[in-house]
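*Asks:* Have a look at this prediction, sequence included:
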Amino acid sequence: MFNELIETLKEQIVSSTCELIKIPSVHTESTNPSMPFGEECSHALEYVLELASNLGFRTKNIDGYCGYVEFGEGEDLMGIIGHLDVVPEGENWTYPPFSATIHDNKIYGRGAIDDKGPVIASLYAMKAVMDNCKIKKRVRLILGLNEERDWKCIEYYKKHEEIPSFGFSPDADFPCIYAEKALLNVHLKSNYKANDKIKIISIDYNNNAMNVVPKFCRIKLKIDNDNDNDIDIDECIINLTLIKKKHNFNITVRKENDNCIIIESFGISAHSAHPDLGVNAISNIIIILNELLKIYNINIELLSMFRRYIHTQYDGNDLNIDYKDESGKLTLNVARFFLENNTLGFSMNLRIPVHTSIDRIKTTFNNLFENTSIIVSFDGEKDALYIPKDNNLVSTLCSIFNEVTGKNEEPIAIGGATYARAFKNFVSFGANMPGDEDMCHKVDEFISIDNLILSTKIYATAIYKFCS
């Protein structure tokens, strides 16, 4: 019923999306209490609130942490939650990442699909319903500014504002996501005592984020030739070359003048929810390093345990846990590798199937390393999201998508953590279309204009059906 109406709003929707993308709302540290996530995130919030106010909505800036746009009357509150912050732009874009370049009927820019385009689609969907329909509930679009970091924005919202009774987030995929795996970061570390043969001097992993498959890692080794256990540096380089050739890893090895060896590992970035789509530079370099040290009878327990229990094709078997259910298998991304203050360690991001408890994973890790020199710690814990497929929210949203698009899609499960986890009885609903490449966090991120407009129609239909 909204198709023709939203087509008349197409120019405004595209223009508003472009203007929002042009704001480089990457989190920055701030001492300004009214801009806790930095000036640009604040600018993005003010832009949307002013736009919404001009469109006739009630708006509120919640102390700079987040904001909302609302219409309708009644006690019941339907929520839509999206975020205006974005990940850093990255390198090698075809078009400047904050230019909002339109090419081939696509809007290119950081945040186009995650989450600025979908937020604007939701806003204009609300506009279409507000101006043309009578509804019995209030509808509130909640605008977060810290989703890409640690969700302090939504924590603040929950302490100060009304909690919606149900709703969705345009933060992932259509037709509807009914299950999202649990998240857990696992950190393994131990004291590092340099031996008298081969010493690890430094490790650089480009400050890789926990939710990204690392594409680079560099290690500097010092080869000691000042005692009776002399090791020939050229022999080391030959051994490293043979090891990397055996594994077919993209690794370079070179000698430095101060009797050092530089090992650089190159991988392919991907979201840690899908580590199989990337190549882990850290995992590969740990394997290479461990095998080199074994040749010279040097044992670093942390590296040996990694090689034994984790490696690169981790599927949970070695840890003796149930690792697969309807949401997929347990996955693991080795995100960081560090040497700091004589402590050697690495950090992993796990995505845990919805029917496997986080406590069971913690117990397994603790038991595995209990009689070793390795210290285990955990953080970044997020419970799984699971709403059965036959739940009214899930089934209705999925049927709305199929009705508007003429498709016959089923609800899906993912390994990612979407903004839907912010509230109970929420699921993610778009805006990435089935079968389309997910450009979230990628270079040359874009949203097609056709899908932007189609998403607006889908969201308007959903708002109307749930609130009329």
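*Replies:* Nice, I can see it.
*Asks:* Relative to residue 209, how far out is residue 268?
*Replies:* Distance of residue 268 to residue 209, computed by CB to CB, to the nearest Å: 15 Å. Placement of C-beta: from N, CA and C, glycine included.
*Asks:* and the strand or helix carrying residue 399, how far out from the chain's middle?
*Replies:* Taking DSSP states H and E as the definition, residue 399 sits inside helix 392-405. How far helix 392-405 lies from its chain's middle: 26 Å, per CA atoms, centre = their mean, to the nearest Å.
*Asks:* re earlier: who's more crowded, residue 268 and residue 209?
*Replies:* residue 209 (18 against 13; other CB atoms under 10 Å).
*Asks:* Give me the spatial nearest neighbour of that one, chain neighbours excluded.
*Replies:* Computed as CB to CB, 6 or more residues apart in numbering, the closest residue to residue 209 that is not its neighbour in sequence is residue 335, at 6.9 Å.
*Asks:* now for the helix or strand hosting the one you found, which elements pack on it?
*Replies:* Secondary structure from DSSP H and E places residue 335 in strand 331-340. On a contact count with 3 or more CB pairs under 8 Å, 6 or more residues apart in numbering; DSSP states H and E, strand 331-340 meets strand 198-204, helix 281-295, strand 343-352.
*Asks:* what about residue 378, which SS state?
*Replies:* Here residue 378 is recorded as strand under DSSP: H, G, I helix; E, B strand; the rest coil.
*Asks:* switch to numbering from 767
*Replies:* Will do, 767 is the new start, and the previous item becomes residue 1144.
*Asks:* Could you pull up the residues touching the residue nearest to residue 975?
*Replies:* 974-980, 1038, 1048, 1113-1115 (CB atoms under 8 Å, 6 or more residues apart in numbering).
*Asks:* Kindly report the same for residue 888.
*Replies:* 846, 848, 907, 936, 1222, 1225.
*Asks:* if you set the cut-off to 10 Å instead, what comes out?
*Replies:* Contacts of residue 888 were listed using CB atoms under 10 Å, 6 or more residues apart in numbering, and they are 835, 846-848, 881, 905, 907, 909, 934-936, 1195-1197, 1221-1222, 1225-1226, 1228-1229.
*Asks:* Buried only: go through those residues for me.
*Replies:* 835, 846-848, 881, 905, 907, 909, 934-936, 1195-1197, 1221-1222, 1225-1226, 1228-1229 (16 or more other CB atoms under 10 Å).
*Asks:* right, and residue 870 touches residue 1212 too?
*Replies:* Yes - assessed by CB atoms under 10 Å, residue 870 is found in contact with residue 1212 at 9.1 Å.
*Asks:* okay if I get the contacts of residue 1101 as TSV plus distance to residue 813 and pLDDT?
*Replies:* Shown next, in TSV, are the contacts of residue 1101 (distance: CB to CB, whole Å; pLDDT from 0 to 100):
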residue	distance to residue 813	pLDDT
974	31	89
975	26	84
976	30	89
977	27	84
978	28	85
979	33	90
980	34	92
1038	31	87
1048	38	95
1113	36	95
1114	38	94
1115	32	94
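*Asks:* Out of those, which end up buried?
*Replies:* Buried subset of the contacts of residue 1101 (neighbour count, 16+ other CB under 10 Å): 974-975, 977-980, 1038, 1048, 1113-1115.
*Asks:* Between those residues, which sits nearest residue 840?
*Replies:* Residue 840 has its nearest neighbour among the buried ones among the contacts of residue 1101 in residue 977, at 38.2 Å by CB to CB.
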